[in-house]
Every structure is written in C-alpha cells, then in structure tokens.
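Undergrad: Let's see this in three dimensions:
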Amino acid sequence: MPHCTKCGAAIADSAGFCPSCGATQGAAASSPSAASTQSGLAENVAGLLCYVLGWITGLIFYLTDKRPFVRFHAAQSIVVFGALTIIRIIVGMLFVTGGLAGITTGLSLGILLFWLISLVGLILWVLLMVKAYQGERYRVPIAADLADKIFGKS
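TA: Residues are numbered from 1 along each chain as shown. Just a heads-up that it's a prediction; the model follows:
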C-alpha cells in the first residue's frame, strides 16, 4: 500500500490527495518495497564512495548496489587497490626483510618502491574519486580490462 509523500500516512493506490494532510499525490507516491530497492545515494556519490577505503568499499558496493555505473567503479576499485595492496605486501616481504638484496641496499630500495607505490595509489585514489563524482566511467588502462574479465561487463 502506498504512503503519502508528505506525512507518511497510508493512502489508496489511486488517491490523488492524502486523506490526512491533503497533499497532492500521484506518480511520486512511494511504497515500502520501492524505497527498499533504492540505496538512497546518487550514482555519482555511490561511485565516489567505491574508492574511499580502496578495495574494501569497492567490495561492499559491488555486493550491495546493482546499478551498472556503481558496479563498474566498485569492480575497478577492487582490482586497482587490491593489486596495489598485493604489490605492497610483496615489496615488503622481498625488500624490507632483506631477502632480495643486502640489508642496507634491500631496505633502501624497498622504502623507495614502497613510497613510489604509495604515491601512485594516492594519485589514482584522488583521480578515480573525482572522475566518479563527475559521472565519468574513467577506465584505468590495464585494471579496467582485468575488472571486466573478472567481474563481467558492468
């Protein structure tokens, strides 16, 4: 049963006015099932939020939001920031522990690579959030194609 858009009182399906407050009804009258299928966020805001905490928010939005624009950004967030996280772990294991080179050289090279990966991650993070908020489907060259293969076209 629909509800009044102004006061929330129950109204008949074909009611033109609310019997409680007199507000004009019409196509804007909402039912509880229609409200529960919408996330309440604009697509561009949801797309931006896919990147806020990297792959974590990407995964959350991929599982909860079914809109193609949001799913595209969620899948790309999972791939981009998931890959950067894995690369940082590998660099940490190889260089910081001194397993790849001498202790001093390995540590210095590891710190440099860690800094470089973090800088790339920061630039991508800001760029992708801005592009999503502007309503663009900006594709990171390798990551977007990989996301399409893993998650399907969104």
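Undergrad: Next, the buried residues of stretch 113-122.
TA: Residues of stretch 113-122 classed as buried: Leu113, Phe114, Gly121 (neighbour count, 16 or more other C-beta atoms under 10 Å). All C-beta spots, glycine's among them, are computed from the backbone N, C-alpha and C.
Undergrad: so who does the residue nearest to the spatial centre of the chain touch?
TA: With distances taken as C-alpha atoms, centre = their mean, the residue of the chain nearest its centroid is Cys50 (1.4 Å). By C-beta atoms under 8 Å, 6 or more residues apart in numbering, Cys50 lies in contact with Thr57, Gly58, Phe61, Tyr62, Val70, His73, Ala74, Gln76, Ser77, Ala132.
Undergrad: Now stretch 134-154: buried residues?
TA: The neighbour-count check on stretch 134-154 (16+ other C-beta under 10 Å) flags Val140, Ala143, Ala144, Leu146, Ala147, Asp148, Phe151, Ser154 as buried.
Undergrad: Please identify which of the residues you listed is nearest to Cys21.
TA: If you rank the buried residues of stretch 134-154 by distance to Cys21 using C-beta to C-beta, Ser154 comes first, at 41.7 Å.
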